[in-house]
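Trainee: dropping a prediction and its sequence here:
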Amino acid sequence: MKQLVKVAVAVVMLVAFTAGVQAQSKTAHINVQELLSQMPEMKAAQAELKKLEETYRADIQGSLNELQNKFTQYNNEASSLSQEENQKRALELQGYERNIGEAQQAAQQELAKKQQELFEPISQKAQAAIQKVAAAQGFDYVLDASPGSGVIVATGKDLLPDVKKEMGF
C-alpha cells in the first residue's frame, strides 16, 4: 500500500512539474506570407521576375509568330510543290514546334531558378528577424499563421508589427 501511495505521489508530482514547464513556454504567431509580401526586397524581386518572364514570353511569342508565318507560307505554296518537298517542310515545321516547346520549358526552369535565387536571401532575412524578435521578447515558439499553415486559432501575441519594426518598414 505504501508503494502505491509513493507511485501516486510521484505521478502527481511529474504531472504538476510537466504542467509547470508547459505553462512557462511562451508562444507567439506571425503571418510569414504577409511579412514577405510587405518587404521592399520582395516587391523588387517580384518586379525583376515579372520583367524576366515578359522577356521570355516576348521571345517565345516571336518564335510562335515566325512559325505561324512559315506555316501560312508553306500552306499557300503546297499545291505548287512536290509531295516530297511538302513532307520536308512539314518536318521542318515540327522541328520549329519542338524547339519552341523546349524553349518554353527552359524558360520555366530559368524562372523557377531565378525565383529561388531571389527569394532565398529574403526568406532568410525574414527568418532571422523573426528569431531575433522572438528571442528578445522571450518566446519559445513562433507559429506561422499564414493561411493554410495549419494554425487554426492565433489569439496570442502577433509578432508581425514588431518584426516589421525590426526590419525597418
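Mentor: Sure thing, it's come through. Numbers count the residues shown, from 1 in each chain.
Trainee: now the helices for this protein?
Mentor: For the chain, the helices defined by DSSP state H cover 2-24, 32-38, 40-77, 83-136, 160-167.
Trainee: which of the ones you listed sits closest to residue 143?
Mentor: Evaluated with Cβ to Cβ, those place helix 32-38 nearest to residue 143, the distance being 9.8 Å. C-beta: built from backbone N, CA, C; applies to glycine.
Trainee: mind listing what's buried along the closest one?
Mentor: For helix 32-38, a neighbour-count test (16 or more other Cβ atoms under 10 Å) marks 32, 35, 36 as buried.
Trainee: give the contact list for the last one.
Mentor: Looking back up the chat, that one is residue 36. Residues near residue 36 by Cβ atoms under 8 Å, 6 or more residues apart in numbering: 42, 122, 123, 126.
Trainee: and the pLDDT for it?
Mentor: Listed pLDDT for residue 36 reads 96.
Trainee: how near is it to residue 131?
Mentor: Look at residue 36 and residue 131: by Cβ to Cβ, to the nearest Å, they are 15 Å apart.
Trainee: how many neighbours does the nearest residue to residue 70 once chain neighbours are set aside have?
Mentor: Leaving aside its sequence neighbours, residue 70 sits nearest to residue 93 (Cβ to Cβ, 6 or more residues apart in numbering; 6.4 Å). The local packing of residue 93 (other Cβ atoms under 10 Å) involves 15 other residues.
Trainee: repeat that for residue 45.
Mentor: 19.
Trainee: which non-adjacent residue is nearest it?
Mentor: Distances taken as Cβ to Cβ, 6+ apart put residue 118 closest to residue 45, at 4.0 Å, once the chain neighbours are dropped.
Trainee: quick check, the one you found in contact with residue 48.
Mentor: Yes: counting by Cβ atoms under 8 Å, residue 118 touches residue 48, with 6.5 Å between them.
Trainee: one step back: out of the helices of the chain, point me to the one whose mean pLDDT is lowest.
Mentor: Looking at these, the lowest mean pLDDT belongs to helix 2-24 (a mean of 47).
Trainee: run through the residues that contact the residue nearest to residue 45.
Mentor: Residue 118 sits next to 45, 48, 49 when contact means Cβ under 8 Å, 6+ apart.
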